[in-house]
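> Sequence first, then the predicted structure:
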Amino acid sequence: MRFIHTSNIHIGMSPDPDKPWSESRSDDLKKTFEDIINLCKNESIDLLMISGNLFNYQPTTEDLTYVDRLFKTIPDTNVLIVAGSSDHIKSNSPILNYVFSDNVHYFLSSAPDTYYIKDKKICIHGISCFSLEDPSTVINSITSDNDNNTHILMFHGSDSKHLPCDINKLAEKNFSYVALGLSHNFQEVVRNKIYYSGSPEPLDQNDEGNHGVIYGEISNKTHEITKIEFVKTAKLSYIPIKIKINSKTSESDVVELVNREVLRQGNNNIYKIILEGMRDPDIEFDSDIFNKSIKIASFEDQSNPKYDFIKLSSEHPQDMIGAFIRKMTLTNNNPSDIEKNALYYGTQALLKSTEKD
């Protein structure tokens, strides 16, 4: 039996809403979902499991019709869906009355439910979210029969706020595979047993690394996993660029270093730029110095101004600046990083205040 496990697709979401590329990223979420459907078709997938947050919100009838049209194109694939925290089911949700194609089963209960695929001898146990958070421990009570069927568990959670459970005890239960949703990143929780698929597309700048789906195979005889493979589906990545600067580094130097890294990694990706080290006190860097064609999700100047504290102290013998520097440097011979930052930023603030005066 061959399966695809995915989650956190978030159709309808607009990643990086304050950025010019937000609309195209929203389109990417749909396109990647369509790619997953085509993957099921091309690889003759028996089971497509969506472990929550197919949508970014309560899906409308139009939303459901859109995904169902795609599901109709893979009639030989059984599609199993549980609602997640973002698309949790409410009492007035259109999902409660929507009739999907014959190959689709949407779990519509907040209690553990079971769906049996007779010709495949597969028993899928699933539970949907009916609220943004659900701290109930119902997962710990779920069991499966020790019979001649393949048993799979699907749910969206496992942390303290979303269907918490004892992973060690869950691993001991008679499930061939546990398909988790919630985390945006791929995680192997228990080898060949329990996995977070992660989101097939990164959804914000915290979603670094590769994103995709899980392809797996389960033996019909032993009911054990025989193959697990991560399949990359994301159209781009969020990539941090850390640049070490010094007092001689200019704006043009920083721009050149960033351009060089973007050229290496690809202009289609989205970047987080972080400056570290000691800079010239007279230079302040900001994101406006970079080429507008580069997608910059965030810019952080974590560098410190390289002050000559001895010189500054002698230049300000009677005022607050000199007193602050002497207090910070004379009373501590081995300052921590926090204390060093306090010295740098405190001195900078005092110098700026005198400039205004």
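Thanks, I have the structure now.
> And the strands in the stretch 51-200 of the chain?
78-82, 104-106, 113-117, 122-126, 150-156, 177-181, 187-190, 194-196 (DSSP state E, counting those that start in this stretch).
> For Pro317, find the nearest of those.
strand 187-190 (58.4 Å; Cβ to Cβ). C-beta here means a position set from N, CA and C on the backbone, and glycine is covered the same way.
> Show me what that closest one is packed against.
helix 167-172, strand 177-181, strand 194-196 (3 or more Cβ pairs under 8 Å, 6 or more residues apart in numbering; DSSP states H and E).
> and these as CSV, adding distance to Leu350 and mean pLDDT?
What follows is these, written out as CSV (distance: least, Cβ to Cβ, whole Å; pLDDT from 0 to 100):
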stretch, distance to Leu350, mean pLDDT
helix 167-172, 52, 94
strand 177-181, 51, 97
strand 194-196, 48, 98
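> for these, which one ends up most surrounded?
strand 177-181 (a mean of 28; mean count of other Cβ atoms under 10 Å).
> Can I get it in PDB? Just the C-alpha atoms.
Once non-C-alpha atoms are left out, strand 177-181 reads as follows in PDB (Å, rounded to 0.1, in the frame of the first residue of the first chain):
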ATOM      1  CA  TYR A 177       1.600   4.600  10.900                       C
ATOM      2  CA  VAL A 178       0.600   7.800  12.800                       C
ATOM      3  CA  ALA A 179       0.100  10.800  10.500                       C
ATOM      4  CA  LEU A 180       0.400  14.000  12.500                       C
ATOM      5  CA  GLY A 181      -0.400  17.500  11.600                       C
END
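> what angle do it and strand 78-82 make?
50 degrees (axes from the mean of the first three to the mean of the last three Cα atoms, to 10 degrees).
> thinking again about what came up before, wait, which of the strands of the stretch 51-200 of the chain is closest to Leu257?
It is, among the strands of the stretch 51-200 of the chain and with distance given as Cβ to Cβ, strand 187-190, at 32.8 Å.
> And the lowest-mean-pLDDT helix or strand in the chain, how far out from the chain middle?
Least confident element among the helices and strands of the chain, by mean pLDDT, DSSP states H and E: helix 337-356 (a mean of 76). Between the centre of helix 337-356 and the centre of its chain there are 36 Å (Cα atoms, centre = their mean, to the nearest Å).
> sorry, back to before: next, format the strands of the stretch 51-200 of the chain as a markdown table and append distance to Glu339.
A markdown table is the format used below for those (distance: least, Cβ to Cβ, whole Å):
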| stretch | distance to Glu339 |
| --- | --- |
| strand 78-82 | 50 |
| strand 104-106 | 56 |
| strand 113-117 | 57 |
| strand 122-126 | 53 |
| strand 150-156 | 44 |
| strand 177-181 | 43 |
| strand 187-190 | 37 |
| strand 194-196 | 40 |
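> So which of the ones you listed is nearest Pro15?
Of these, nearest to Pro15 by Cβ to Cβ is strand 177-181, at 17.9 Å.
> these two touch, right, Asp63 and Arg69?
No. Judged on Cβ atoms under 8 Å, Asp63 makes no contact with Arg69 at a distance of 11.1 Å.
> Show me which of the two is the more surrounded one.
For Asp63 versus Arg69, neighbours defined as other Cβ atoms under 10 Å are more numerous around Asp63 (20 against 11).
> which residues does that one contact?
Contacts for Asp63 (Cβ atoms under 8 Å, 6 or more residues apart in numbering) come out as Ile11, Gly12, Phe55.
> Scan these and report the most crowded one.
Going by other Cβ under 10 Å, Phe55 tops the contacts of Asp63 with 22 neighbours.
> Direction included, what does the top strand by length along the chain pair against?
What stands out as the longest strand in the chain, according to DSSP state E, is strand 270-279. The pairing partners recorded for strand 270-279 under DSSP bridges are strand 238-245 (parallel), strand 295-301 (parallel), strand 304-305 (parallel).
> ok now the second one, how far from the chain's centre?
It stands for strand 295-301. Centroid separation for strand 295-301 versus its chain: 18 Å, with Cα atoms, centre = their mean.
> which other residues reach that strand?
16, 19, 21, 204-205, 238, 267-275, 279, 284-287, 290.
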